[in-house]
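1. Everything below, folded, please.
(chains A and B)
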Amino acid sequence: MAVRDRRWLHPGAWWLWALGLAAAASRTTNPLLLAMLIVAAAVVVHNRRPDAPWGRSFSFFLRLGLLVIVIRVAIQVLFVSSVGTTTLVELPGVVLPSWMTGIRIGGDIRLEALLMAFYDGLRLATILICIGAANSLASPARLLKSVPSALYELGVSIVVALTFTPQLVSDVDRLRTTRRLRGRHTRGVRAVAGSAIPVLEGALERSVSLAAAMDSRGYGRRSSEPRHRRRLTSGLLLIGLVAATLGVYGLVSSGSPALLGLPMLLLGMVSAIAALAMAGRSRVRTRYRPDPWALPEWLVSAAGIATVALFAGAVWAGVPGMQASFDPPIWPTLPLIAALGIAVAMTPAITAPPLPQSGPAHEAEKQTEVPA
Amino acid sequence: MIRFENVSITYPGQSRPVLKDVNLEIPEGELVLVVGRTGSGKSTLLQAINGLVPHFTGGTMQGRVLVNGRSTSEHPPRELADIVGVVPQDPMRGFVADTVEEELAYGMECLGLAPDIMRRRVEETLDLLGLADLRHRALRSLSGGQRQRVAIGAVLTAHPRVLVLDEPTSALDPGAAEDVLAALQRLVHDLGVTVVMAEHRLERVVQYADQVVVVPGSGQPLVHGSPSEVMLGSPIAPPVVQLGRLAEWNPLPLSVRDARRAAGPLRDLLVGQHPRLHPVREVVPTIASAQNVSVRYGSHPALRGVSLEIGEGQVVALMGRNGAGKSTLLHSLVGVGPHRTGTVDVDGSDPADLRAGELLRVVGLVPQEPGDLLETSSVADECRLSDRDAGCDSGTTRALVALMAPEIDDSTHPRDLSEGQRLLLVLCIILAARPRLLLLDEPTRGLDYPTKARLAGILSDLSDVGHAIVLATHDVELVAEVAHRVVMLAEGEVVADGPTSHVVTASPMFAPQVTKILAPQAWLTVEQVEDAITCVRDAG
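-> Residues are numbered from 1 along each chain as shown, chains lettered A, B, ... in the order given. Next up is the predicted model:
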């Protein structure tokens, strides 16, 4: 391929791609496929991650994923009625009264139950990690600029929501240093618990001060507009978002009524788009150099959508191996069509343009980093 | 241009107003300097100009603030964005975009200007503030002075009539501060912009001001007037003013240049006198040494082969431009930060190898943001935690706090302390374990003169009882007062190392005001001159 322009990919494309992967993960419990999805996300992040504070959030999400799996398995072992017959460890258990079926304390640990919990946890972890990939690839500042103008109503909350995780991740690094300065341990459960409050507080505080700065620069200005129209816009938007959320939930969860899926999603989208169009007209905002949506953006977002389409197609067609069997515990197989989906998921590592160089990193920014 | 009419502001949960019955009129095209102790309500006053107070901070406001005829109670900050540009204290917190050019354009995008106007104004602003070479740089990669100029440029592109700046030079080295102030002056003179600026570093800015507003704090009435009027009676005054008062110069000079023109007789009087220097200690045992230390951040070298010895009871000032490697050197001495080469030895061990509990007793660092070290919700808890960490008797830290900052109340949340109080609290926490080597990173950023004087006293006392102290700072006046020795860093290398009086007098950039006024005689502080004058008078 010829030498390509170095530029930032539209953040919306990264989010579409990542959400596609996350949706694909939600369709399967096959640990091979889930692990491969994580690898695909990691490869892309590794190739196209910017050297910026938010670029480091991927490893944070990896650890979060691990934690999710551990918690899920621990809950299974300690509290949930065991399934299966292959007992690994025999432990004394408390017999609870019959009306508390499904819950127990202690008792034998069985392989089937462990596997079930592990697959379940892994699926949730994969979804989180895909979100983490978007967090570390897409610049929060650019994402803010691409937020449709109607959502300006929700100004502060959107700024806070979009910048909170990146701020959090850069704070975690800094606080590890300061813990050492106070003579505390920098690793382990107690360290995490001790710094949780200041980290959360600091990240939230900085997100809010960013929102204040944006407001004083004119973010969310509007030309005069009659009040009833403003209310109508907000109402439509709210209905649209709620309907779209329900629709997505219906599509993702297998046990919900058919009406909750696609129709709801469509209704939500129509309503939201109408609101966006109405509100967009009353905004005064212009763009200096708009982020283009060109071929690479199409390729990257198509990769995400194709992945989820292949996964969903495989489930719909009843391809064996999409759901891993834990009872009886059999080594999972690899469905070919889903493997193809994973190959597609990895393509942005090549199709996304390389990033521009940002100039020498300044000392002040990095001075508190601690070698891992 | 800006009018405060009977303005009182009370924050939620507080019984007394921060500002009470403020009446103030700022005409167009003036440069107004707002001074006052930390926590006195300066920032509140500034933020009320564009309505961030109370729209964003909460609280209640009585009276009204009019900016160019628009009342802030009816117009939220975003509706005032075309009139008032606000540069926050930490520019990095207010940056919205990723690169310099996008940041400059952001405000105009919000105002809905046409793309061709935006292009033209971005170019103009890049030139006006000398940022043209940086246009594509990522904001994170800029130095402190560059960031500050970008932050000013970013609000200027919207062509505001009023510019509000909260401590624009406090984090900057003297050179960068001069660049920023020169840019501001050009705006006032050429474009008629009204500038309202809060700043503790009076020695840097008072000469440029047309009007000075003193915010005394705790709801007392404001004092305002021309700089020389206000300075004549002000308890907080830069060295040039203190010297002027001492020598009874009339009119009172505000700039080094004016003072030099008046200083002829004083120089004559002082001929033959010598400044009383810090007693030079005989050979002292070395507490800490760094040999050939290098640190890199990715491909960027931050320290290149620095060697340094620090003796018992010495106060060493690390100086140099923003990004010269001062913080990195401090981090190496305390054993945090990225991998280094070379050896560091503090009191017989490498701090990087020490376990967390042992580290405290050997070396302590008060970081640039002292608040980072605090994690509980009251001063009392913080002190208890500190005693436990340091393994000392309970009550040790609290006793130190009572000694150094008696006004700090046990139940206060650390976040509600003023900048200076927070610094002193963290200093006490670090000192609880009695480290042999004490490091301070930019301790005077955001400190007012009284707190600074208190800090200087504390540092001298600590040095007398044998603590070795290294402080990284841009504050030449503090250095002149407390440091025995100055180490100058540039591009990660030591370029000068010697007694304070030699190093600072040799550099025009880092010389304190008194030195500049009385050159070629080598005086550093007003106190030295005062002693010498007393000496002369006694002799005569």
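
2. switch to C-alpha atoms for all contacts and neighbour counts from now on
-> Noted.

3. Quick one, grab the pLDDT at residue 367.
-> Assuming you mean chain A. Residue A:367 is assigned 38 on the pLDDT scale.

4. my bad, chain B
-> Residue-level confidence at residue B:367 comes out at 88, pLDDT.

5. okay, now the domains of chain A?
-> Annotated domains of chain A cover A:11-144+A:288-358, A:225-282 [automatic domain parsing].

6. Determine which stretch of those is the most buried.
-> Most buried of the domains of chain A, by mean neighbour count (mean count of other CA atoms under 10 Å in any protein chain shown): domain A:11-144+A:288-358, with a mean of 19.

7. Up against chain A, what does the stretch 201-350 of chain B have?
-> Taking CA under 8 Å from any CA of the partner chain, the part of the stretch 201-350 of chain B that reaches chain A is made up of B:297, B:300, B:302, B:323, B:325, B:327-328, B:336-339.

8. re earlier: can you check which of the domains of chain A gets nearest to chain B?
-> With distances scored as CA to the nearest CA, the stretch of the domains of chain A nearest to chain B is domain A:11-144+A:288-358 (5.2 Å).

9. Select the helix or strand of chain A having the lowest average pLDDT value.
-> The helix or strand of chain A with the poorest confidence is helix A:363-366; it has a mean of 39 (mean pLDDT, DSSP states H and E).

10. residues contacting the spatially closest residue to residue B:490 that is not a sequence neighbour?
-> Residue nearest to residue B:490 in three dimensions, not counting chain neighbours: residue B:324, with 4.9 Å by CA to CA, 6 or more residues apart in numbering or on different chains. For residue B:324, the contacting residues are B:302, B:489-493, by CA atoms under 8 Å, 6 or more residues apart in numbering or on different chains.

11. Once you drop chain neighbours, what's closest to the residue nearest the centre of chain A?
-> Nearest residue to the geometric centre of chain A (CA atoms, centre = their mean): residue A:131, 1.9 Å. Leaving aside its sequence neighbours, residue A:131 sits nearest to residue A:18 (CA to CA, 6+ apart; 6.1 Å).

12. Double-check that neighbour against residue A:304; I have them as touching.
-> Yes - if you go by CA atoms under 8 Å, residue A:18 and residue A:304 touch, sitting 6.4 Å apart.

13. and residue 61, helix, strand or coil?
-> Here I'm looking at chain A. helix (DSSP: H, G, I helix; E, B strand; the rest coil).

14. that's the other chain; I wanted chain B
-> Following three-state DSSP, the label given to residue B:61 is strand.

15. What residues are bridge-paired with it?
-> Judged by DSSP bridges, the bridge partners of residue B:61 are residue B:9.

16. what about it, neighbour count?
-> By the criterion of other CA atoms under 10 Å in any protein chain shown, residue B:61 has 21 neighbours.

17. what does the domain assignment say about chain B?
-> Split into domains by automatic domain parsing, chain B comes to B:2-235, B:286-507.

18. For these, give me TSV that also has distance to residue A:240.
-> Shown next, in TSV, are these (distance: least, CA to CA, whole Å):
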stretch	distance to residue A:240
domain B:2-235	26
domain B:286-507	41
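
19. Residue B:242 is nearest to which of these?
-> Among the domains of chain B, the nearest to residue B:242 by CA to CA is domain B:2-235 (9.1 Å).

20. Buried residues in the longest helix anywhere in chain B, which are they?
-> Taking DSSP state H as the criterion, chain B has its longest helix at helix B:449-464. Using 16 or more other CA atoms under 10 Å in any protein chain shown as the test for burial, helix B:449-464 gives B:449, B:451-452, B:455-456, B:458-460, B:462-463.

21. who in the stretch 201-350 of chain A is up against chain B?
-> A:206, A:209-210, A:212-221, A:284-288.

22. So how do I select the buried members of those in ChimeraX?
-> In ChimeraX syntax, the buried subset of those is picked out as below (16+ other CA under 10 Å):
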select /A:206,209,210,212,213,214,215,216,217,218,219,220,221,284,285,286,287,288
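
23. quick one: which helix or strand includes the residue nearest to the centre of chain A?
-> Assigned by DSSP states H and E, residue A:131 belongs to helix A:111-137.

24. What's the first helix or strand after that helix?
-> helix A:140-146.

25. helix, strand or coil for residue 344?
-> Going with chain A. Once three-state DSSP is applied, residue A:344 turns out helix.

26. I was after chain B.
-> Residue B:344 - assigned by three-state DSSP - is strand.

27. what pairs with it across the strands?
-> Residues in a beta bridge with residue B:344, per DSSP bridges, are residue B:290.

28. ok, it - how many residues close by?
-> By the criterion of other CA under 10 Å, residue B:344 has 25 neighbours.

29. same check, this time on residue B:117
-> 12.

30. in the stretch 101-250 of chain A, which spans are helices?
-> Using DSSP state H, counting those that start in this stretch, the helices assigned to the stretch 101-250 of chain A run over residues A:111-137, A:140-146, A:155-181, A:189-216, A:227-252.

31. So what's the gap between the second one and the chain middle?
-> Here helix A:140-146 shows a centroid-to-chain-centroid distance of 16 Å under the convention CA atoms, centre = their mean, to the nearest Å.

32. swap in the third one?
-> Distance, stretch centre to chain centre, for helix A:155-181: 17 Å (CA atoms, centre = their mean).

33. Between helix A:111-137 and it, find me the angle.
-> Here the directions of helix A:155-181 and helix A:111-137 differ by 110 degrees (axes from the mean of the first three to the mean of the last three CA atoms, to 10 degrees).

34. how about helix A:155-181, does it get close to chain B?
-> Yes - Helix A:155-181 comes into contact with chain B (CA under 8 Å from any CA), by way of A:175, A:177-181.

35. will you turn the residues you listed into TSV that also has distance to residue A:324, pLDDT and neighbour count?
-> Formatted as TSV, those follow (distance: CA to CA, whole Å; pLDDT from 0 to 100; neighbours: other CA atoms under 10 Å in any protein chain shown):
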residue	distance to residue A:324	pLDDT	neighbour count
A:175	41	75	22
A:177	43	78	22
A:178	45	79	24
A:179	43	80	21
A:180	45	82	22
A:181	48	84	25
